[in-house]
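Chemist: Okay, sequence plus prediction incoming.
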Amino acid sequence: MVSFSATDAVDSATDTLSDHELMLAVRDGELDALGELFERHHGPLFGFLVKFTGHRNAAEDIAQTVFQRMLKYRHTYRDDGSFTAWMYHLARRCAADHFRKSNAAPTATDPADFRQVADDSPNAGDRAATRDDHALLHSALGCLDRDDREVLLLSRFQELSFNEIAAVLECSVGAAKVRAHRALRALRDIYLQLQKENLS
Amino acid sequence: MNCSSAQERFADLLDARASDAASTADVRAHLASCPDCQREYAALAQTLAALDSLPVAKPGPALRKNFYAMLEEEKNSAASIAASVVRRRHAARVSLWRWILIPVASGALAVAAFLAGTRYAPPAATPAVDVATKQELADLRKQVAQLANDTLNYQRSTTDRLQGVLATVDQKNPNQKVIADLIAALALDPSATVRLSAIDALYPHANQPAVRSGVLASLPREQNALVQVEMINFLVAAREHEAVPELERMTRNPALDAQVRDAAKRGLAQL
């Protein structure tokens, strides 16, 4: 016989709610609903912040602060809001605070991101080449202007529409598209340059 | 289509979400016949493919642990606030009874004294009073009553006024009078503590334009740096773009506290 607890009932009920509905519930005082939002979004948010800051520890701190601010400013969430856009809007501000405090340009040199472990298994050469490629790309991202890096990461990894990206960046949809494309071209130039330097 | 206009639209081709074959047919046609654009497109596509293949970093267990600890703390804190509001309401009810009983008892005493006077003393000769004088007297009575009421309000202790503000914290749908009182407390209350509490109590209603306008209107009058910073934070959190000119004025005002100017600068950057 399958036991069905009250917690299961609550879980299955929150599973069917949209992000927006859950955040409205949080705003109205049902703070537990934020747990479901955390489970849905902390992974992608953390992934974005690691690539944006280049540091795992900073990314964890900022992600934590983002959820703290969701609680603190829950009353400012609007009826017509998009939860994801609001979350990345907060993340952007928290990251800006982080950069202001650390007063240092982010670099992609966190050793935890690029574990250099001896690999004797078959296809180890291919994997090493892939690791090198990833390291180069991380470096290229780190060299990119912060605004460019931000729009590129939002447009490629966070499953946001350009309407939502425009809301996060507080610009028009057209401007967001142009910025994303310009950022991709800048990354391409830096990435190719680093590849050349690596080969020579 | 020339190379420049084709390259401007590569973003549509590379963005799998937005492009449909019909809208990009002309770019594809140009691409098929232009080796330079083919190279440019291939380099961008290769960069994107490399970007998409980057491994996804996973957070450590501390993030989840810290989040749920923070959530629990907030829930406890919300519960304690609710409990303290219930306690304050109880105290307010007791205090209200005191306010009701004292005038009632005073009135009863006055009536008893009047009855005793009419029974044991001869009635004095009453001068004739015309209608205009009666009306004037009635108006005067009204004015005195209003004055007494206002004086009572102003003379309430800071603690009482603070309790009045805090009692609104857990009201999900307070009426406009309550919100107007909070804005008035923010604008006029002599105690910075009461004003700080008022701004906290206004957060749940930040989505109302009247509340945002009220806070914005109170900002230039505010003299306390702490309250000024909290007002700026409120307006920024509420994304009140109307605040931009005032924040700009504040950043240029050397008489303001440095922390207030910094808060205004940060607010401008965020707005």
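Modeler: Sure thing, it's come through. In this text, all values refer to a predicted model and were calculated from it rather than measured experimentally.

Chemist: max-length helix in chain A?
Modeler: Ranked by residue count and defined by DSSP state H, the top helix of chain A is helix A:173-199.

Chemist: Briefly note if the helix or strand encompassing residue B:215 comes near chain A.
Modeler: Residue B:215 belongs to helix B:209-218 when assigned by DSSP states H and E. No - applying C-beta under 8 Å from any C-beta of the partner chain, one finds helix B:209-218 out of contact with chain A, separated by at least 10.2 Å. (Each C-beta comes from the backbone N, C-alpha and C, glycine too.)

Chemist: For that helix, give me every contacting residue.
Modeler: If you take C-beta atoms under 8 Å, 6 or more residues apart in numbering or on different chains as the criterion, helix B:209-218 is touched by B:179, B:183, B:186-187, B:199, B:202, B:205-206, B:231, B:234-235, B:238, B:240, B:242-243, B:246.

Chemist: Can you say which of those residues are buried?
Modeler: Buried subset of those (neighbour count, 16 or more other C-beta atoms under 10 Å in any protein chain shown): B:179, B:183, B:186-187, B:199, B:202, B:205-206, B:231, B:234-235, B:238, B:240, B:243, B:246.

Chemist: about what we covered before: list the buried residues in the longest helix of chain A.
Modeler: A:176-177, A:179-188, A:190-191, A:194-195.

Chemist: Tell me the spacing between the residue of the stretch 101-250 of chain B found nearest chain A and residue A:27.
Modeler: Closest to chain A within the stretch 101-250 of chain B is residue B:204: 4.2 Å, counting by C-beta to the nearest C-beta. Distance from residue B:204 to residue A:27, counting by C-beta to C-beta, to the nearest Å: 8 Å.

Chemist: could you pull out the helices for the stretch 101-250 of chain B?
Modeler: B:131-155, B:158-166, B:176-188, B:192-202, B:209-218, B:225-237, B:244-251 (DSSP state H, counting those that start in this stretch).

Chemist: how distant is the third one from the center of its chain?
Modeler: By that I understand helix B:176-188. Using C-alpha atoms, centre = their mean, to the nearest Å, the mean C-alpha position of helix B:176-188 is found 11 Å from that of the whole chain.

Chemist: which ones are touching residue 179?
Modeler: By default, I'm working from chain A. Residue A:179 makes contacts with A:147-148, A:151, A:169, A:171, as judged by C-beta under 8 Å, 6+ apart.

Chemist: Wait, chain B was what I had in mind.
Modeler: B:202, B:205, B:208, B:210-211.

Chemist: now residue B:271
Modeler: Contacts here follow C-beta under 8 Å, 6+ apart; on that basis residue B:271 touches B:236, B:239-241, B:243-244, B:247.

Chemist: same check, this time on residue A:185
Modeler: Contact analysis of residue A:185 by C-beta under 8 Å, 6+ apart lists residue B:44.

Chemist: How about residue B:66?
Modeler: Counting by C-beta under 8 Å, 6+ apart, residue B:66 makes contact with residue A:64.

Chemist: if I look at it, how far off is residue A:89?
Modeler: Taken as C-beta to C-beta, the span from residue B:66 to residue A:89 is 22 Å.

Chemist: Now do stretch A:90-99: distance to the chain's middle.
Modeler: 12 Å.

Chemist: should've said stretch B:64-71
Modeler: The answer for stretch B:64-71 is 27 Å, by C-alpha atoms, centre = their mean.

Chemist: Counting neighbours, what do you get for residue B:34?
Modeler: By other C-beta atoms under 10 Å in any protein chain shown, the residues close to residue B:34 number 17.

Chemist: Next: residue B:241.
Modeler: Neighbours around residue B:241, by other C-beta under 10 Å: 11.

Chemist: quick one, what contacts it?
Modeler: If you count contacts by C-beta under 8 Å, 6+ apart, residue B:241 has them with residue B:271.

Chemist: quick one: residue A:53 and chain B, what's the gap?
Modeler: Distance of residue A:53 to chain B, given as C-beta to the nearest C-beta, to the nearest Å: 11 Å.

Chemist: Run a quick neighbour tally on that residue.
Modeler: 24.

Chemist: Ramachandran angles for it?
Modeler: Note on residue A:53: its backbone torsions stand at phi -90, psi -30 [degrees, to the nearest 10].

Chemist: so it makes contact with residue A:60?
Modeler: No - Residue A:53 is beyond contact range of residue A:60, at 10.1 Å (criterion: C-beta atoms under 8 Å).

Chemist: related to what we said a few turns ago, joint contacts of residue B:204 and residue A:27?
Modeler: Contact criterion C-beta under 8 Å, 6+ apart; residues shared by residue B:204 and residue A:27: residue A:75.

Chemist: Report the distance from the helix or strand that residue A:85 is a member of to the chain centre.
Modeler: Using DSSP H and E, the element containing residue A:85 is helix A:83-102. Here helix A:83-102 is found 10 Å from its chain centre; the criterion is C-alpha atoms, centre = their mean.
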